[in-house]
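Coordinates for the following, if possible.
(one chain, ligands or ions: 1)
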Amino acid sequence: MAKISDILNDGRTISFEFFPPRTPEAEAQLEQALRELEPLRPSYVSVTYGAGGTTRSRTHELVVQINRDLDLTAMAHLTCAAHTRAELAEILATYRDAKIENVLALGGDPPQDLDLPPGELEHAIDLVRLARGIGDFSIGVAVHPEPHPRSPTLESDRRFTAEKLAEADFGITQFFFEPEHYFELVQSLHGHGVDKPVIPGIMPVLSLAGIRRMAELQGSALPAWLVERLHAVEDDPAAVRRVGIDEATRLCSNLLEGGAPGLHFYTLNRSPATREIAANLGLAPTR
Ligand SMILES: Cc1cc2nc3c(=O)[nH]c(=O)nc-3n(C[C@H](O)[C@H](O)[C@H](O)COP(=O)(O)OP(=O)(O)OC[C@H]3O[C@@H](n4cnc5c(N)ncnc54)[C@H](O)[C@@H]3O)c2cc1C
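Residues are numbered from 1 along each chain as shown. Alright, predicted model coming up:
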């Protein structure tokens, strides 16, 4: 296994994000996705974290399992939301002891449907600092090409992001649809004196309703030209999917040409869209 910061130093990365399954059917689907994506030789994979209930242990189990059973480097996501400092310290210590070297330190969103107390750490930067004191982790953070929905202004989000990224090793972005959003973000971070690698997060559109819901939640704008292309074929799910794959391929291509250090695919535990985009791009990781 390896540290993601070292992997990034070695060349362009391809990485895949998964979430811990909740049912036996979802588990089978994840196993299939991992099996089908493994031949692309991802530079690393990552596993999301939910603040509520049993998700905590599911992330840990899945990350340890991927590191141990598959020949893949896995990164654990961890969020401040609904945790005390002592709980987060304990989770980080279990990762350190299980030889998990990569952590994505996140603010998280307090779950609306669960009556959980607010987190003791307010922002992701506090978790980065906590993790530094507990293990020799390679630490990633979330960055938001369009400002985070809770940010009062774009400028304040850029400032806080730059401070956070300066203390982390790399960033992974929220999904977005216009390459300019990514390049403007990177330029702005450089303007704040921060040049750590920022890996664009890619979410292909596979259904119009699905992407509308997710984009609204995350503060990612669906551009009018894309909505127009999708609307034109909205009664034909296969055609909607083709447009989504086509546009994601174009976005990835622009990002790599413009110097992005890698691509991080939000797989939603399914492999076909990611495999199609990678095939369209002729992609394999250089590390
Ligand atoms: C790649 C990626 C993976 C993700 N994985 C998960 C996951 O596994 N589980 C999950 O629950 N969520 C996940 N998220 C979503 C993320 O938790 C939410 O977007 C969350 O609302 C913000 O997280 P953050 O780490 O950006 O928080 P923060 O960095 O804490 O930022 C949140 C807000 O606070 C502001 N802020 C930051 N620092 C300060 C400060 N010092 N003072 C005042 N304001 C400040 C920021 O500008 C922003 O508006 C992921 C997001 C990305 C991009």
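
Next to the ligand, which bits of the stretch 101-250 of the chain? Give me the list.
104, 106-109, 123-125, 142, 148, 150-151, 156-157, 160, 164, 172-174, 201 (Cβ under 6 Å from any ligand atom). For glycine as for every other residue, the C-beta is placed from the backbone atoms N, C-alpha and C.

In strands, which of those fall?
Leu104, Leu106, Ala142, Ile172, Thr173, Gln174, Gly201 (DSSP state E).

tell me which of those is nearest to Ser43?
Ile172 (12.2 Å; Cβ to Cβ).

Confirm for me that the closest one is in contact with Ile199.
Yes: Ile172 is within contact range of Ile199, at 4.9 Å (criterion: Cβ atoms under 8 Å).

Can you work out which residues contact both of these two?
His264 (Cβ atoms under 8 Å, 6 or more residues apart in numbering).

that older thread, what is the nearest of the ones in strands among the residues of the stretch 101-250 of the chain next to the ligand to Ala209?
Gln174 (19.7 Å).

right, and that closest one touches Pro200 too?
No: assessed by Cβ under 8 Å, Gln174 is found out of contact with Pro200, at 9.5 Å.

Now restrict the residues of the stretch 101-250 of the chain next to the ligand to buried residues only.
Among those, those classed as buried by 16 or more other Cβ atoms under 10 Å are 104, 106-108, 124-125, 142, 148, 151, 157, 160, 164, 172-174, 201.

what touches both of Gln174 and Pro200?
With Cβ under 8 Å, 6+ apart as the test, Gln174 and Pro200 both reach Pro145.

quick one: the strands in the protein?
Using DSSP E, strands in the chain cover 13-18, 44-47, 74-79, 102-106, 138-143, 170-175, 198-202, 262-266.

could the ones you listed go into JSON lines alongside mean pLDDT?
Shown next, in JSON lines, are these (pLDDT from 0 to 100):
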{"stretch": "strand 13-18", "mean pLDDT": "98"}
{"stretch": "strand 44-47", "mean pLDDT": "98"}
{"stretch": "strand 74-79", "mean pLDDT": "97"}
{"stretch": "strand 102-106", "mean pLDDT": "98"}
{"stretch": "strand 138-143", "mean pLDDT": "98"}
{"stretch": "strand 170-175", "mean pLDDT": "98"}
{"stretch": "strand 198-202", "mean pLDDT": "98"}
{"stretch": "strand 262-266", "mean pLDDT": "98"}
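
List the contacts of the residue of the stretch 1-150 of the chain found nearest the ligand.
As assessed by Cβ to the nearest ligand atom, the ligand sits closest to Gly107 within the stretch 1-150 of the chain, at 2.5 Å. Gly107 makes contact with Thr79, Cys80, Ala81, Glu122, His123, Ala124, Leu127, Ala142, according to Cβ under 8 Å, 6+ apart.
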